[in-house]
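1. Below is the structure, and that's it, no one-letter string:
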């Protein structure tokens, strides 16, 4: 990279704080949405909150209404991996620039290109420096001046624009695939509920409906329990004070955060991994690909299908593959029973679904 040069980000950009929007004006519906770290994917990119947004109906300075194409970065690690995550605002006159979000503005367009900076901010070289200078014991924070002091190597401005255009194209393909997957998942959900909740499956017209302990069901169907029909296990956490249980680990080890931060049907790679020794010396259990993970502690009923062998901490019930029930069927059944499963949760400090009640 002989034609690249080292620069401090502050030579070509500035980061602006947002505004402190008043909680008394937050609403469940409206026109403008208060942007939060929850609107960022941990690897970067904008994440709609789909029904959990906080709308704002108070007055605010006009400059804090974001525009399509604005580049913003999370300055608070609301969830693991979010510090420094950077996103592009998808549309005009909708999102409000909250105080713990940084708005990136180019001050010298001969030094840095905004689209290149978007991708650069999501690269490990920047994230590592932000983590190293962040403050806070439990929740990590960064600040505009710390972001501006990050050192990076960059090419000339024309090369930056070419690289950014290529990466934007790849991001576009990824987003299109996400949308297609979302459509397919909704189709699967609709078919499941039509056939197995409303009992309008092919040929249902010829099958009588009979009474059962759960209410009317098609004749020939049976009422059973999860304990009788499913094989499931829990998880565990190897001692964090024993490095040999963690250092160089290759066994995927999931926590509920791994599922909640993506919301994907098929599990993304876990943020942590344990060693074979950590697995052997703890209550963590190894399960195969195709197992359905369900969070069972604090955050209840979040689901994902494992794509590799993996383990979890104790905040899960994991339903193992079974030749009678496909992972997709188990996933949809659990999803359709979300309210009932949540009602099983007990506990004073945090709710938990025990394997016995499940």
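-> Right, received. Where do you want to start? This structure is a prediction, so every number in the text was calculated from the model and none was measured.
2. residues in contact with stretch 337-353?
-> Surrounding stretch 337-353, the residues in contact under the criterion CB atoms under 8 Å, 6 or more residues apart in numbering are 294, 296, 297, 298, 300, 301, 317, 334, 354, 357, 358. (Glycine included, C-beta is placed from N, CA and C.)
3. Going by distance to residue 50, which of those residues wins?
-> residue 301 (16.3 Å; CB to CB).
4. distance of that closest one from residue 41?
-> 22 Å (CB to CB, to the nearest Å).
5. Then residue 298?
-> 22 Å.
6. Neighbour count for the two, which is higher?
-> residue 41 (17 against 13; other CB atoms under 10 Å).
7. Would you mind confirming that the more buried one makes contact with residue 87?
-> Yes - contact status for residue 41 versus residue 87: in contact at 7.5 Å, counting by CB atoms under 8 Å.
8. list residues touching both of those two?
-> With CB under 8 Å, 6+ apart, residue 41 and residue 87 have common neighbours residue 47.
9. And the strands in the stretch 51-200 of the chain?
-> For the stretch 51-200 of the chain, the strands defined by DSSP state E, counting those that start in this stretch cover 55-56, 71-74, 86-88, 95-96, 101-106, 151-154.
10. Would you mind listing the residues in contact with residue 358?
-> Residue 358 neighbours (CB under 8 Å, 6+ apart): 226, 227, 232, 296, 317, 341, 344.
11. please redo it, this time with the cut-off set to 6 Å
-> Contacts for residue 358 (CB atoms under 6 Å, 6 or more residues apart in numbering) come out as 226, 317.
12. All further residue positions should be reported with the first residue as 3.
-> Happy to do that; since the first residue is 3 now, the last one works out to residue 360.
13. do you know how far it is from residue 143?
-> According to CB to CB, residue 360 stands 38 Å off from residue 143.
14. do the same with residue 264
-> Separation of residue 264 from residue 143 (CB to CB): 23 Å.
15. Neighbours of residue 353, how many?
-> Residues near residue 353, counting by other CB under 10 Å, number 16.
16. pLDDT score assigned to it?
-> Per-residue pLDDT puts residue 353 at 88.
17. that older thread, want to throw the strands of the stretch 53-202 of the chain into TSV with mean neighbour count and distance to residue 5?
-> Output for the strands of the stretch 53-202 of the chain, formatted as TSV (neighbours: other CB atoms under 10 Å; distance: least, CB to CB, whole Å):
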stretch	mean neighbour count	distance to residue 5
strand 57-58	18	46
strand 73-76	26	25
strand 88-90	22	25
strand 97-98	23	37
strand 103-108	20	21
strand 153-156	16	10
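18. For this protein, give me the ranges with low pLDDT.
-> The chain contains residues with pLDDT under 70 at 3-4.
19. switch the cut-off to 80
-> Across the chain, the ranges flagged by pLDDT under 80 are 3-4, 52-53, 81-82, 263, 350.
20. Show me the helices in it, by range?
-> Remark: helices assigned in the chain by DSSP state H are 116-123, 126-135, 146-150, 159-194, 228-231, 258-262, 278-282, 329-338, 340-345.
21. May I see these organised as TSV, with distance to residue 85 added?
-> Below are the helices of the chain laid out as TSV (distance: least, CB to CB, whole Å):
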stretch	distance to residue 85
helix 116-123	11
helix 126-135	6
helix 146-150	11
helix 159-194	21
helix 228-231	39
helix 258-262	14
helix 278-282	26
helix 329-338	31
helix 340-345	30
